[in-house]
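Student: Below is the structure, and that's it, no one-letter string:
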């Protein structure tokens, strides 16, 4: 229920957008803020301000005085709330970085060189087509279409060849690591 004095002032000063805006803000800012908080909007105060900023240019075309402003305000607040949840769904959850839980370390230049030699050695053990597809798809970062054109094969053949090459590479890498683990055991 609207305050009768506010309603009377808003109806009397319908030609003055500033007075109608002031009356709408004084009457509905609390309820709009409460609605947004109840709906779980994180920065409800800022969204409330956005709703009222969007109201001001629409006042000249507003019908129904303060009651019309109320309907429009809550429609805009609802739309902003829906936008808030859509935006939140698209934004991944941020986890704070904890150095104690991060066991990764940057390899030294020597480790990278030795690791690179191991990768080259693994690739040398693969058939030519496997090496070619891995070099084009992984190293050169070419698309399936580009790789198919270069290798003169169909896109399906490239996908299958890449899958087989990665499977063979994985088996080869595991076979090389298994003896090393047994030696230290």
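Tutor: All right, it came through fine. Just so you know, these numbers come straight off a predicted model, no measurement behind them. Numbers count the residues shown, from 1 in each chain.
Student: so where's the chain uncertain?
Tutor: Applying pLDDT under 70 to the chain flags the ranges 1-15, 99, 102-119, 178-185.
Student: How about the top helix by length along it, which residues are buried there?
Tutor: For the chain, the helix that runs over the most residues, judged by DSSP state H, is helix 155-184. Applying a neighbour-count criterion of 16 or more other Cβ atoms under 10 Å, one finds 157, 158, 159, 161, 162, 165, 168, 169, 172 buried in helix 155-184. Every residue, glycine included, has its C-beta placed from N, CA and C.
Student: Same question for stretch 18-32.
Tutor: Buried residues in stretch 18-32 (16+ other Cβ under 10 Å): 20, 21, 23, 24, 25, 27, 28, 29, 32.
Student: can you put those in TSV and add secondary structure and distance to residue 68?
Tutor: Formatted as TSV, the buried residues of stretch 18-32 follow (DSSP: H, G, I helix; E, B strand; the rest coil; distance: Cβ to Cβ, whole Å):
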residue	secondary structure	distance to residue 68
20	helix	10
21	helix	13
23	helix	12
24	helix	9
25	helix	15
27	helix	13
28	helix	12
29	helix	17
32	helix	15
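Student: can you list the domains in this protein?
Tutor: 4-90, 111-184 (automatic domain parsing).
Student: In CSV, list those domains along with distance to residue 101.
Tutor: Putting the domains of the chain into CSV (distance: least, Cβ to Cβ, whole Å) gives the following:
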stretch, distance to residue 101
domain 4-90, 25
domain 111-184, 22
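Student: give the contact list for residue 42.
Tutor: Residue 42 is in contact with 84, 88, counting by Cβ atoms under 8 Å, 6 or more residues apart in numbering.
Student: Using just helix, strand and coil, how would you label it?
Tutor: coil (DSSP: H, G, I helix; E, B strand; the rest coil).
Student: Kindly report the same for residue 141.
Tutor: Residue 141 is classified as coil under three-state DSSP.
Student: tell me the phi and psi of it?
Tutor: phi 60, psi 40 (degrees, to the nearest 10).
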